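Participant: Below are the sequence and a predicted model; questions follow.
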Amino acid sequence: VALILGTITSSWLALRAGRAERRADAAAAQAVENAEEAFENAEEARANAKRATEQAARAESSKDELRERVYVSDMNIVGEAYADGLISRMNDLLEKHRAPSSETDKRGLEWYHWWRAGHLELGMARHPLTGSFGRLAVSADGSTIALSGWPNHLYLYDSESLCLLRAPLHFDGQSSVVCFSPDGQFLVVGSHWRSVGTRVLSTKTWEPVATLPGYFSVMAFAKKPALMALGSWETIQTWKCTDSSWEVNQQWTTSGKVGSLDITPDGKILVALLSTDFEGNQQIEVWDVQAQTKIRNLDVDDTKAIGVVKMSPNGRYLAVGENDGDVHLWSSESFSAGGPSRPLRTLKASAHITSLGFSPDETRLAAGTKKTNNLVVWDIETGVREPPIIVHAHSRQVDDIQFGGDSNTVYSAGDDGFLKVWDLSRCQPYDAISG
């Protein structure tokens, strides 16, 4: 019996041990299978992560490529906007490409070139009475700026600091035009009121030293002899200017209202823009001052309105600005009866010309415009620069512009009530700086 029980017990224990071993083997096999599945899952996760990284890299590369294409396209548009005088549009496009710190900066030399071209402003002064400015004049030594403006005031500024030199001078009748004498001793201020006359101020005291009778809307000085030309409805006068007196030298009647005039530095030739009737017909007459005789009319397009004529400092050129934005550059040879009948060239400003000015060395011609409110500057000695320097100068029309003591400094007065100074040296032709 004991033997039988022992045998049964041994068999049961062996069976039990076999079952436990089989369960252990199954568990081990399951563990291996689980480990293999976990490894496969890990491999798949790593593959998915790699694919995600590659996709992200491709997306970033595509994004960079897209940004690069957009940048190149926008830089082309920027150049076109600059050439068309759309400086605000140009600046908006440039600002679009200022990259945040998390992105690669795509801007190249061309971006900085165009940015400087649109930001030439050195300083500005606000109208002290929040009004608007009118005409502008710069003294011969470049130290003083005189501006006419609302309400019936004359404003005098230091050209470097753009600070008022003194309290605004009030005159009866709104000031229409201002002009410094070539020797810097006098400032002549015109008026819209015939009864007020044209006032002559000493630049030492800024007090009136003479009053010239009559209403004159335009004026210009010759350098030698000291001669001033004044124009009004149908009259042109020249005045001799001395330290002690101002005397009428000559006076003659024209065939129409004098809208603009200028005189050669030697005082021999005067050019006047005349409106000959109420239908807007205009002509440009060239006069011999001493003989008081008309030499010729310059050929102009009868279908276009002309706004201003301007002589260069040494009398080599005459610029004629039209309301459609064309500026015709004439040679002084055209002042003679048998001279050229066509201008040297025609420059494009794409907007109504309100004012013109030559640099002291006659290498540059600047124009102020209406509607686009731009300052446009061409190189005329080295060939017409394409595109010209264009500055979005004011938020409203540019009333007047004048060069300072060199060919890089320009002052502008705007209908928005700001006097501004611009440094043209900050905008050089792209091909001159790309190297």
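Facilitator: Structure's in. What do you need? Residues are numbered from 1 along each chain as shown.
Participant: center of the chain, which residue is that?
Facilitator: The chain has residue 391 as the residue nearest its centroid, 0.8 Å off, counting by CA atoms, centre = their mean.
Participant: Checking my notes, that residue in a strand, right?
Facilitator: Yes: using DSSP: H, G, I helix; E, B strand; the rest coil, the assignment for residue 391 is a strand.
Participant: So it is in contact with residue 374, correct?
Facilitator: Yes: if you go by CB atoms under 8 Å, residue 391 and residue 374 touch, sitting 6.3 Å apart. From N, CA and C alone the C-beta is placed, and that goes for glycine too.
Participant: Find the nearest non-adjacent residue to residue 257, please.
Facilitator: Computed as CB to CB, 6 or more residues apart in numbering, the closest residue to residue 257 that is not its neighbour in sequence is residue 275, at 4.6 Å.
Participant: And the average pLDDT for the longest helix along the chain is what?
Facilitator: In the chain, assigned by DSSP state H, the helix with the most residues is helix 2-83. Helix 2-83 carries an average pLDDT of 77.
Participant: what's the offset of it from the middle of its chain?
Facilitator: Its chain's C-alpha centre and that of helix 2-83 lie 63 Å apart, by CA atoms, centre = their mean, to the nearest Å.
Participant: In terms of secondary structure, what does that helix contact?
Facilitator: When contacts are defined as 3 or more CB pairs under 8 Å, 6 or more residues apart in numbering; DSSP states H and E, helix 2-83 packs onto helix 87-95, helix 109-117.
Participant: could I get those helices as a markdown table with mean neighbour count?
Facilitator: Listed next are the helices and strands packed on helix 2-83 as a markdown table, based on neighbours: other CB atoms under 10 Å:
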| stretch | mean neighbour count |
| --- | --- |
| helix 87-95 | 18 |
| helix 109-117 | 17 |
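Participant: Return the member of those having the minimum mean pLDDT.
Facilitator: Minimum mean pLDDT among the helices and strands packed on helix 2-83: helix 109-117, a mean of 79.
Participant: Next, the angle helix 2-83 makes with that helix.
Facilitator: Angle, helix 109-117 to helix 2-83, by axes from the mean of the first three to the mean of the last three CA atoms, to 10 degrees: 50 degrees.
Participant: List the residues that are in contact with both of residue 391 and residue 374.
Facilitator: Common contacts of residue 391 and residue 374, defined by CB atoms under 8 Å, 6 or more residues apart in numbering, comprise residue 87.
Participant: hey, which helix or strand in this protein has the poorest pLDDT?
Facilitator: helix 430-433 (a mean of 37; mean pLDDT, DSSP states H and E).
Participant: Quick check: phi and psi at residue 406.
Facilitator: phi -140, psi -180 (degrees, to the nearest 10).
Participant: what number of residues lie near it?
Facilitator: By other CB atoms under 10 Å, the residues close to residue 406 number 14.
Participant: Just confirm it contacts residue 360, I think it does.
Facilitator: Yes: if you go by CB under 8 Å, residue 406 and residue 360 touch, sitting 6.7 Å apart.
Participant: How about residues contacting the helix or strand containing residue 273?
Facilitator: Using DSSP states H and E, residue 273 sits within strand 269-275. Contacts to strand 269-275, defined as CB under 8 Å, 6+ apart, come from residues 229, 231, 236, 238, 254-264, 281-289, 295, 298, 306, 308-309, 311, 315, 318, 320, 332, 335.
Participant: are any of those residues buried, and which?
Facilitator: With burial judged by 16 or more other CB atoms under 10 Å, the buried subset of the contacts of strand 269-275 is 229, 231, 236, 238, 254, 256-264, 282-287, 289, 295, 298, 306, 308-309, 311, 315, 318, 320, 332, 335.
Participant: Out of those residues, list just those in strands.
Facilitator: Using DSSP state E, the subset of the buried ones among the contacts of strand 269-275 located in strands is 229, 231, 236, 238, 257-263, 282-287, 295, 298, 306, 308-309, 311, 318, 320.
Participant: Just the pLDDT for residue 153.
Facilitator: At residue 153, the pLDDT value in this model is 85.
Participant: since we're on it, how many residues are nearby?
Facilitator: Quick note: residue 153 (other CB under 10 Å) scores 20 neighbours.
Participant: contacting residues around it?
Facilitator: 129, 168-171, 175.
Participant: Reformat the residues you listed into a markdown table and put secondary structure and pLDDT next to each item.
Facilitator: A markdown table is the format used below for these (DSSP: H, G, I helix; E, B strand; the rest coil; pLDDT from 0 to 100):
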| residue | secondary structure | pLDDT |
| --- | --- | --- |
| 129 | coil | 79 |
| 168 | coil | 87 |
| 169 | strand | 86 |
| 170 | strand | 82 |
| 171 | coil | 76 |
| 175 | strand | 65 |
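Participant: got a winner among the residues you listed for most neighbours?
Facilitator: Neighbour max across the contacts of residue 153 (other CB under 10 Å) = residue 175, 26 neighbours.
Participant: Which pLDDT value goes with the closest residue to residue 293 other than its chain neighbours?
Facilitator: Distance criterion CB to CB, 6+ apart; nearest residue to residue 293, sequence neighbours excluded, is residue 287 at 7.0 Å. pLDDT, residue 287: 94.
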